[in-house]
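Colleague: pasting a predicted model and its sequence here:
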Amino acid sequence: MSKVMPLVKRGVQASRLALGCMPFGGSWDSQPFTDEHVKEAEAAVDAALEIGMTMFDHADIYTRGKAEQVFGRILQARPELREQIVIQSKCGIQLQDDTWPGRFNFSREHIVTSVDASLERLGIDYLDVLLLHRPDPLVEPDEVAEALAQLKAAGKIRYVGVSNMSAPQIEFLQQAIPDSFAVNQLEMSLGHLHFVDQDIHVNQHAGTSVNFGSGLMEYCRTRDIQLQAWGPLAQGKFSGREVKKEPEHIRKTAALVQRLADEKETTAEAIVLGWLMRHPALIQPIVGTTNPTRIKACQDAERQAEQMTRDEWYLLYTSARGQMVP
């Protein structure tokens, strides 16, 4: 039923894996990025391209705009790259400053000015995909619709989606916006299982502690909204990070992942991502790292997803959740 994001430009399709560019540019403070940060990011981009990644995920706030600036430097040096890749960015979050707290902003003015600023930092004319980053309690759907229509008419965005939104929130916005949302990006991983737990805990008391929108997976699959997963490697806890202080079921799952990787002659990263991609929603993981070795370790994920049996999937799931299914 579900399908991967459609072609967003002639001859280039969003890859099953995408590179998350949140670490690009160094620290989240006012310190400027350096040439070393550009070299680090370019090495990550090259590693991603080498294993077939064509999609790169940004947000206007990542390292306070430096992530997009660094990526822009790469594109400036290699302009031919632009038409070979899919660039996605997000807007709607305003970070804390000396005057105001962190907040969300889906006003027409903020959306338009944020996209213009992202395009300037990236040094490009358009975004392939724009995501509304997190729900704004003060949102006016008609105002969002005006902003998106203005940006699309100007050729500055092609596809539109959301991030971290429930089905009712998507529906509320969608009633004012004629173009169907293409994406919903959510936290999903072997270490963040609420997207699966929500389904199996219907009519179960345990479901009261599950923090994932009821019916959200089914809603997105029915409407062909591409589900993207941020944090898909669970910060490395199953693929090499030190886990001595983690709960026993996490330690056991890390060992299980490594055993399966050894048996299948692949990497732990491929097993962890393969488990996520085995889901029939065809989830698209957003891998967030600048480490070329770790990026390349993800290369076999799609094959592992295709080969993973139902029994293996449930073995990993029950191990990671630390208890059997109801």
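Modeller: Arrived safely, thanks for sending.
Colleague: drop to CA atoms for contacts and neighbour counts, all remaining ones
Modeller: Will do.
Colleague: mind listing what's buried in the helix-or-strand element of the chain with minimal mean pLDDT?
Modeller: Least confident helix or strand, the chain: helix 194-200 with a mean of 90, by mean pLDDT, DSSP states H and E. With burial defined by 16 or more other C-alpha atoms under 10 Å, the residues of helix 194-200 counted as buried are 194-199.
Colleague: in stretch 232-245, what counts as buried?
Modeller: Buried, per 16+ other C-alpha under 10 Å, within stretch 232-245: 232-234, 236-239, 243.
Colleague: show the average pLDDT along it.
Modeller: The average pLDDT for stretch 232-245 rounds to 91.
Colleague: ok, stretch 204-215 next?
Modeller: Stretch 204-215 carries an average pLDDT of 76.
Colleague: how about that stretch: buried residues?
Modeller: Buried positions in stretch 204-215, judged by neighbour count with 16+ other C-alpha under 10 Å: 207, 210, 212-214.
Colleague: next: stretch 40-54.
Modeller: Result for stretch 40-54 [16+ other C-alpha under 10 Å]: buried residues 40-42, 44-45, 47-49, 53-54.
Colleague: same check, this time on stretch 92-110
Modeller: Here stretch 92-110 shows 92-94, 104-108, 110 as buried, counting by 16+ other C-alpha under 10 Å.
Colleague: tell me where the stretch 101-250 of the chain has strands.
Modeller: 103-104, 127-132, 157-163, 183-187, 226-230 (DSSP state E, counting those that start in this stretch).
Colleague: who does the second one pair up with?
Modeller: It stands for strand 127-132. strand 86-91 (parallel), strand 157-163 (parallel) (DSSP bridges).
Colleague: now render those as CSV, adding distance to residue 249 and mean pLDDT.
Modeller: Listed next are those as CSV, based on distance: least, C-alpha to C-alpha, whole Å; pLDDT from 0 to 100:
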stretch, distance to residue 249, mean pLDDT
strand 86-91, 35, 97
strand 157-163, 30, 96
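Colleague: between those, which one is nearest to residue 325?
Modeller: Among the strands paired with strand 127-132, strand 157-163 comes nearest to residue 325, with 28.5 Å by C-alpha to C-alpha.
Colleague: so which of the strands paired with strand 127-132 is nearest residue 304?
Modeller: Closest approach to residue 304 among these is made by strand 86-91 (24.2 Å; C-alpha to C-alpha).
Colleague: circling back: go through the buried residues of stretch 204-215 and say which is closest to residue 17.
Modeller: Nearest to residue 17, judged by C-alpha to C-alpha, of the buried residues of stretch 204-215 is residue 212 at 22.9 Å.
Colleague: quick one: contacts for the closest one?
Modeller: 194-195, 198 (C-alpha atoms under 8 Å, 6 or more residues apart in numbering).
Colleague: can you redo those as CSV, where the extra columns are distance to residue 79?
Modeller: Putting the contacts of residue 212 into CSV (distance: C-alpha to C-alpha, whole Å) gives the following:
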residue, distance to residue 79
194, 41
195, 39
198, 44
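Colleague: how about the helices of the chain, start to end?
Modeller: 35-50, 66-77, 108-122, 141-153, 167-174, 194-200, 216-222, 248-263, 268-277, 292-296, 301-307, 310-321 (DSSP state H).
Colleague: if you compare these, which one is most tucked away?
Modeller: Neighbour counts (mean count of other C-alpha atoms under 10 Å) averaged over each of the helices of the chain peak at helix 268-277, with a mean of 27.
Colleague: quick one: the closest residue to residue 232 other than its chain neighbours from residue 249, how far?
Modeller: Nearest non-adjacent residue to residue 232, counting by C-alpha to C-alpha, 6 or more residues apart in numbering: residue 189, 4.6 Å away. Using C-alpha to C-alpha, to the nearest Å, residue 189 is found at 15 Å from residue 249.
Colleague: same question, residue 256
Modeller: Distance from residue 256 to residue 249, by C-alpha to C-alpha: 10 Å.
Colleague: try residue 282
Modeller: 27 Å.
Colleague: same question for residue 143.
Modeller: 47 Å.
Colleague: how about residue 302?
Modeller: 26 Å.
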